[in-house]
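In: Fold the following, please.
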Amino acid sequence: MKYLKYLFLVQAGFFLFAPAASAGDFEWIKELNIEVKGDSSGFKTRLTTRFKVGDVQLKAVFSNVDRPADAYMVLRLGELSNQPVEDVLREYKKSKGKGWGVVAKGLEIKPGSRAFHALKAGHDLKGGTDKGGGKNKERKGKGRGKK
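Out: Residues are numbered from 1 along each chain as shown. Below is the predicted model:
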């Protein structure tokens, strides 16, 4: 009987914490979703400008994702993997609930690669709060120059 209680608690814990763990690979996505709630039309305009996509393609992406930041990720992963948005959406649906790291890996973006670090660093939309800097910013030289 104790074994069944223990098993139940372990399973309950898994189901409670699995969504948080899968979304945890890119923490900035939560912040972007909160930011977008106040200005969804502005966000769509920024996506159109940033990724040079038309309204039809943008509507197709938004109709296939759960949250606004997911639309950004689909477009960004397409750009980084050099794959069409349709292929990214297919991988998104196949890997749903497993996290963006799994989606990126399915698109052959290797963990530890420059592209993967760019994803981890944050979004690169102008007018947002996250500039995508961090460890991945481009470096010029070794810092031994004159001031």
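
In: What is the subsequent helix or strand relative to the lowest-mean-pLDDT helix or strand in the chain?
Out: Among the helices and strands of the chain, helix 2-23 carries the lowest confidence by mean pLDDT, DSSP states H and E, at a mean of 48. Where DSSP states H and E defines the elements, the next helix or strand beyond helix 2-23 is helix 28-37.

In: If you count contacts, what does that following helix end up packed against?
Out: helix 68-81 (3 or more Cβ pairs under 8 Å, 6 or more residues apart in numbering; DSSP states H and E). All C-beta atoms are positioned from the backbone trio N, CA, C, and that covers glycine.

In: Residues in contact with the helix it packs on: which ones?
Out: Applying Cβ atoms under 8 Å, 6 or more residues apart in numbering, the external contacts of helix 68-81 come out as 26, 29-30, 32-33, 36, 40, 43, 47, 50-51, 53, 58, 61-62, 64-65, 83-85, 87-89, 91-92, 100, 103-104, 107-109, 115, 118-119, 123-125.
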